[in-house]
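**Student:** need coordinates for the below:
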Amino acid sequence: MLHTFVAYVEDKPGVLTRVASLFRRLNINIISLTVGHSERSGISRLTLVCDASAEASNRIRASLYKLDNVVEVDDIAGAPTVTRELALIKVAATRETRSAIFELAEVFRARIVDLTAESLMIEMTGVESKIEGLIQVLEDSEFQILEVSRSGKMTMRRGHHTSRVLKAMGSAESEQPTTGSEPVAADSAQ
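**Tutor:** Numbering: from 1, shown residues only. Below you'll find the model as predicted:
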């Protein structure tokens, strides 16, 4: 089963190495890993996807908490989330094929972000299946894909607010975690 862990870690050298070493010791493959700044100064948000059993996921979470510099860990497998990935796809293009690639990008709601005499670069943000779909159509249309760069999954719980978030929002209910109100529209289908 795929498990997605969101961990807040101190923004210090060596933290990512410790996390990767933990997964090596547990003999669990990391499928996707994304790290970047968070809403808190000096704290980075790490989103990690791995294939692990339910018992292994509990071990992973406990082991992550034991690491120095790990502040908070959340296993959000099965929770309602919004997940996105960014892809940059460089495609060989001639004057004859350029307009067809532009049309294809428009169908997938992607953008052309770079254009040269021999290639163009498509930027696409969406769920993994949508990005895979664009790549598959490009390959089936016999366009030559020169290069692909993908960010890995970025995930956030829908409507879940921890006591820390509620406190930041100025809520009087900041002592208890809540799932918030029902979402207005499901955004994960795009």
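**Student:** can you list the low-confidence ranges for this protein?
**Tutor:** Along the chain, segments meeting pLDDT under 70 span 160-190.
**Student:** buried residues in stretch 33-43?
**Tutor:** 33-35, 38 (16 or more other CB atoms under 10 Å). Backbone N, C-alpha and C define where each C-beta goes, glycine included.
**Student:** and that stretch, how far out from the chain middle?
**Tutor:** 13 Å (CA atoms, centre = their mean, to the nearest Å).
**Student:** ok, stretch 15-33 next?
**Tutor:** 16 Å.
**Student:** go through it and flag the buried ones.
**Tutor:** With the criterion 16+ other CB under 10 Å, stretch 15-33 contains buried residues 15, 19, 22-23, 28, 32-33.
**Student:** sorry, back to before: now, the most widely separated pair of the buried residues of stretch 33-43?
**Tutor:** Using CB to CB, these span at most 15.3 Å, a distance reached by Leu33 and Ser38.
**Student:** give me the subset of the buried residues of stretch 15-33 lying in helices.
**Tutor:** 15, 19, 22-23 (DSSP state H).
**Student:** ok, longest strand in the protein?
**Tutor:** As assigned by DSSP state E, the longest strand anywhere in the chain is strand 81-92.
**Student:** got the buried residues of stretch 15-33 as JSON lines, with distance to Arg59 columns?
**Tutor:** Converted to JSON lines, the buried residues of stretch 15-33 look like this (distance: CB to CB, whole Å):
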{"residue": "Val15", "distance to Arg59": "20"}
{"residue": "Val19", "distance to Arg59": "14"}
{"residue": "Leu22", "distance to Arg59": "10"}
{"residue": "Phe23", "distance to Arg59": "11"}
{"residue": "Ile28", "distance to Arg59": "9"}
{"residue": "Ser32", "distance to Arg59": "20"}
{"residue": "Leu33", "distance to Arg59": "18"}
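**Student:** let me know the closest of those to Ala62.
**Tutor:** So of the buried residues of stretch 15-33, ranked by how close each gets to Ala62 (CB to CB), first place is Leu22, at 10.7 Å.
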